[in-house]
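In: Generate a structure from the sequence data that follows.
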Amino acid sequence: MGEGKREAPQGERTPQGREPAAKKSESLSRGKRVPKQKDWARAIDELRREEHVDLNLLLELKKMARSTFYYHMKNIGNDDKYKDVKDKIATIFHRHKGRYGYLRVTEELRKDVQGINHKTVKRLMDELGLKCEVRKVRYRSYKGDVGKTAPNVINRDFTADRPLQKVATDVTQINIGGSKIYLSPVLDMFNGEILSYAISDSPNLKMVMDMLNQLYDEVGSTEGMLMHSDQGWHYQHAAYQRSLKNHHIIQSMSRKGNCLDNSVMENFFGIMKSELLYAKEYTSMDSFITDLKEYMEYYNNERIKLRLNGMSPVLYRKAFEQAHSYLPVQLCGFTS
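Out: Here you go, the predicted structure:
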């Protein structure tokens, strides 16, 4: 055999100029995802045009029928119709820092793109590699019966037909490096709005009382409000219960050890940690606290909820107040 020539492996057809075609075709198989037939059709078309490789050989290598090849070539151009939609999806996803899944992206997208289907959005997000992850961590404040417990008045009925009718509270712990902070918010079950919150480096009573005092300052009358919590020691404390009574708030507590009884707060903490704490590598607690305060503004004023007809909590409340001639709830530092 002459120098410069090589013997083709048994069973392989290697006419001049055709070896690169086989190698390029095989390279698709080494990708991270499994190529679809339209991907193979696109690669085959590229090879036959740029490398001048015989189409019949390429189809034989891939075991693809000629009719299948021309079907995909005819429809490949249709992918371009989603280019602008993909750009809008990516813009929405990154504007909300990866916090939106495909359903929330769809709701936001429909403001600009009429009739877009959530299944289409999911497929396009999968193609773009855009995925929202959720992780949950739970802090337990239960220390036994250290005071007086209240009945479970809510009894998992988290529906409310007006603002400030039913609210929930809880405490969550956040760890960054060797530091810890505790977040204590009050959430309105009507629209999921955070009405007040306190941040502390210790899960003490002052944190919870500061949260209550901020609530009183910002919402005005709390007459007849139903405040739900777990059986954490803060909520059994005489000072906490006296404060609620003085402001005509009815107290409700979950059953012992049953986190589902306060799932509205569990859900909020899960969302906040997924969208903020776990979405970034924090090395400084001060940096996280700054971002947490910004996130609270974002959560109330910008982040849409599907159950609120695609509106943010504040926008939904304002629409309700306008429709029902309610006096607006003034939330200092939250509303725009």
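
In: List the buried residues for stretch 312-325?
Out: Buried residues in stretch 312-325, counted by 16 or more other CB atoms under 10 Å: 312-318, 320. Yep, even glycine has a C-beta here, placed from its N, CA and C like the rest.

In: out of those residues, who's nearest Ile44?
Out: For those, the residue nearest Ile44 by CB to CB is Ser312; the value is 48.3 Å.

In: for that closest one, what are its contacts?
Out: Applying CB atoms under 8 Å, 6 or more residues apart in numbering, one finds that Ser312 lies in contact with 300-305.

In: Show the pLDDT at it.
Out: Looking at Ser312, its pLDDT is 96.

In: separation between it and Ile304?
Out: According to CB to CB, to the nearest Å, Ser312 and Ile304 sit 6 Å apart.

In: And for Ser284?
Out: In this structure, Ser284 and Ile304 are 30 Å apart, going by CB to CB.

In: ok, the two, which is more surrounded?
Out: Neighbour totals were compared for Ser284 and Ile304, and Ile304 leads with 20 against 11 (other CB atoms under 10 Å).

In: ok so, going back, for the buried residues of stretch 312-325, which one is nearest Ile194?
Out: Ranking the buried residues of stretch 312-325 by separation from Ile194, with CB to CB as the measure, puts Pro313 on top at 7.9 Å.

In: Met296 versus that closest one, what's the distance?
Out: Looking at Pro313 against Met296, where the rule is CB to CB, the gap reads 11 Å.

In: between those two, what contacts are shared?
Out: Taking CB under 8 Å, 6+ apart as the contact criterion, the residues that touch both Pro313 and Met296 are Ile194.

In: SS state for Thr68?
Out: Here Thr68 is recorded as helix under DSSP: H, G, I helix; E, B strand; the rest coil.

In: pLDDT of stretch 233-248, averaged?
Out: Averaged across stretch 233-248, the pLDDT comes to 95.

In: Stretch 61-74 now?
Out: 80.

In: any low-confidence regions in the stretch 51-200 of the chain?
Out: The stretch 51-200 of the chain contains residues with pLDDT under 70 at 75-81, 133-147.

In: just the strands in it please.
Out: Chain-ordered strands for the stretch 51-200 of the chain, with DSSP state E, counting those that start in this stretch as the definition, fall at 166-169, 172-176, 179-188, 194-200.

In: Against Pro185, how distant is Phe269?
Out: Phe269 is 9 Å from Pro185, by CB to CB.

In: what about Lys180, how many neighbours?
Out: With neighbours defined by other CB under 10 Å, the count for Lys180 comes to 15.

In: give me the number of residues near the closest residue to it other than its chain neighbours?
Out: Nearest in space to Lys180, with sequence neighbours left out and distances taken as CB to CB, 6 or more residues apart in numbering, is Gln173 at 6.0 Å. The number of residues packed around Gln173, counting by other CB under 10 Å, is 15.

In: Test my guess that Gln173 contacts Pro203.
Out: Yes: when contacts are counted by CB atoms under 8 Å, Gln173 is listed as touching Pro203 (7.2 Å).

In: which residue ranges form the helices in the stretch 1-150 of the chain?
Out: 19-27, 37-50, 55-62, 66-76, 83-95, 102-109, 118-128 (DSSP state H, counting those that start in this stretch).

In: looking at those helices, which is buried most?
Out: With neighbours defined as mean count of other CB atoms under 10 Å, those peak in mean count at helix 102-109, which reaches a mean of 21.

In: Can you show me the CA trace of that helix as PDB?
Out: Once side chains and other backbone atoms are set aside, the C-alpha atoms of helix 102-109 remain, and they are given as PDB (Å, rounded to 0.1, in the frame of the first residue of the first chain):
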ATOM      1  CA  TYR A 102     -42.200  28.300  33.000                       C
ATOM      2  CA  LEU A 103     -45.700  29.100  34.300                       C
ATOM      3  CA  ARG A 104     -44.800  32.500  35.800                       C
ATOM      4  CA  VAL A 105     -42.700  33.200  32.700                       C
ATOM      5  CA  THR A 106     -45.700  32.400  30.500                       C
ATOM      6  CA  GLU A 107     -47.900  34.700  32.500                       C
ATOM      7  CA  GLU A 108     -45.400  37.600  32.100                       C
ATOM      8  CA  LEU A 109     -44.800  36.800  28.500                       C
END
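
In: Please enumerate the strands of the stretch 201-336 of the chain.
Out: All strands of the stretch 201-336 of the chain, identified by DSSP E, counting those that start in this stretch, fall at 226-229, 250-253.

In: buried sites along the first one?
Out: Applying a neighbour-count criterion of 16+ other CB under 10 Å, the buried positions in strand 226-229 are 226-229.

In: And the closest residue to Met311 other than its chain neighbours, how close does it get to Glu321?
Out: What sits nearest to Met311 in space, not counting adjacent residues and going by CB to CB, 6+ apart, is Ile304, at 6.1 Å. When CB to CB is applied, the distance between Ile304 and Glu321 equals 18 Å.

In: what's the answer for Ala90, then?
Out: 35 Å.

In: which residues in the stretch 151-300 of the chain form helices?
Out: Using DSSP H, counting those that start in this stretch, the helices of the stretch 151-300 of the chain run over residues 205-219, 233-236, 238-246, 263-272, 285-301.

In: Return the set of buried residues in the first one.
Out: Using 16+ other CB under 10 Å as the test for burial, helix 205-219 gives 207-212, 214-215, 218-219.
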